[in-house]
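Peer 1: Pasting the sequence and the predicted coordinates here, then a few questions.
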Amino acid sequence: MVHELPIVVRDLNHWFGSGDARKQAVFDVSLSVKRGSLTILMGPSGSGKTTVLTLMGCLRDVQEGSVTLLGEELNGASEQRQVMLRRKLGFIFQAHNLHDSLTAQQNVLMGLQVHGKGDNEVQRRAADHMLDLVGLADRRTYLPGNLSGGQKQRVAIARALVSGPQIVFADEPTAALDKQSGQTVVEMLQALGQQRGTTTLMVTHDNRILDLADRIVTLEDGRIVSDTAPV
């Protein structure tokens, strides 16, 4: 099913801690994201942007407010339901989270095997194609210990995209990349939006890629303070 608004957030609030140490981190955030768009969340450290991203990506439980992801309400959703939804998503984190004992190709294959898509040969070809797209065709048999930080991040990006997710959540995906590599990755995400309708929500401090975004949402102290293209 195609959702023209794959992410709809309404009156989202979130707290950390308990008792006297309980502190509100997100205040009344409302946001709708169009299918196929590339939206960047910006703001200083501690502004709540990563918290908002993880709430939308069903990596944290919604405490108050509404998050509708691909037509499903996350507030009160069972763990089983959230697991099913995560299989339709791709995640790219600043920490690449690669398995050190697996080659680049095997790490990317994990992004397909968790979904059970295709037989072994189809999966291998898909993994090799993604590694080629991120410029690592000649590194597919390398272990992470033999790759640079930027190369590891590109493997992680290939793993996140290889299953053709409907939504990609990315937290500082270009932080470990040089300007050209970072631009190439963001252009790939743009192309996926145009060709497949993949929606990307990205947290970044990288000013070099802002002109590639369809929309920039800025948070400060847990609140949206500016939005270049409200829906």
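Peer 2: Nice, thanks for sending it over.
Peer 1: Identify the residues contacting the residue nearest the centre of the chain.
Peer 2: With distances taken as CA atoms, centre = their mean, residue 169 lies nearest the centre of the chain, 1.4 Å away. Contacts for residue 169 (CB atoms under 8 Å, 6 or more residues apart in numbering) come out as 53, 54, 56, 57, 89, 90, 91, 92, 201, 202. Where you see a C-beta, it was placed from the backbone N, CA and C, and this is true even at glycine.
Peer 1: at 6 Å instead, please
Peer 2: 53, 57, 91, 201 (CB atoms under 6 Å, 6 or more residues apart in numbering).
Peer 1: same thing with residue 27?
Peer 2: 222, 223.
Peer 1: ok but it is inside a helix, no?
Peer 2: No. Counting by DSSP: H, G, I helix; E, B strand; the rest coil, residue 27 is not part of a helix but strand.
Peer 1: Assign a three-state SS to the residue nearest to the centre of the chain, would you?
Peer 2: Per three-state DSSP, residue 169 ends up strand.
Peer 1: C-alpha coordinates for the lengthiest helix in the chain, CSV please?
Peer 2: For the chain, the longest helix by residue count, based on DSSP state H, is helix 179-196. What follows is helix 179-196 as a C-alpha-only set of coordinates in CSV (Å, rounded to 0.1, in the frame of the first residue of the first chain):
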residue,chain,number,x,y,z
LYS,A,179,32.7,16.0,0.9
GLN,A,180,32.5,14.0,-2.4
SER,A,181,31.5,10.7,-0.7
GLY,A,182,28.9,12.4,1.5
GLN,A,183,27.4,14.2,-1.6
THR,A,184,27.3,10.9,-3.5
VAL,A,185,25.4,9.1,-0.6
VAL,A,186,22.8,11.9,-0.3
GLU,A,187,22.4,11.9,-4.1
MET,A,188,21.7,8.1,-3.9
LEU,A,189,19.0,8.8,-1.3
GLN,A,190,17.6,11.5,-3.6
ALA,A,191,17.5,9.1,-6.5
LEU,A,192,15.8,6.4,-4.5
GLY,A,193,13.1,9.0,-3.6
GLN,A,194,12.5,9.9,-7.2
GLN,A,195,12.7,6.3,-8.6
ARG,A,196,11.2,4.2,-5.9
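Peer 1: Quick one: residues in contact with it.
Peer 2: So helix 179-196 is in contact with 36, 38, 150, 157, 174, 198, 200, 208, 209, 212, going by CB under 6 Å, 6+ apart.
Peer 1: Any idea how far the helix or strand of the chain with the lowest mean pLDDT is from the middle of the chain?
Peer 2: Lowest on mean pLDDT, DSSP states H and E among the helices and strands of the chain sits helix 179-196, with a mean of 86. In terms of CA atoms, centre = their mean, to the nearest Å, the centre of helix 179-196 is set 13 Å apart from its chain centre.
Peer 1: which regions of the chain lie under the pLDDT threshold?
Peer 2: Along the chain, the model assigns pLDDT under 70 to residues 1-2, 114-118, 230-231.
Peer 1: And the helices in it?
Peer 2: Counting by DSSP H, the helices of the chain are 49-56, 79-86, 104-113, 120-133, 149-161, 179-196.
Peer 1: In space, what's closest to the residue nearest to the centre of the chain - neighbours in sequence excluded?
Peer 2: Take residue 169 and drop its neighbours on the chain: the residue closest to it by CB to CB, 6 or more residues apart in numbering is residue 57, 4.2 Å away.
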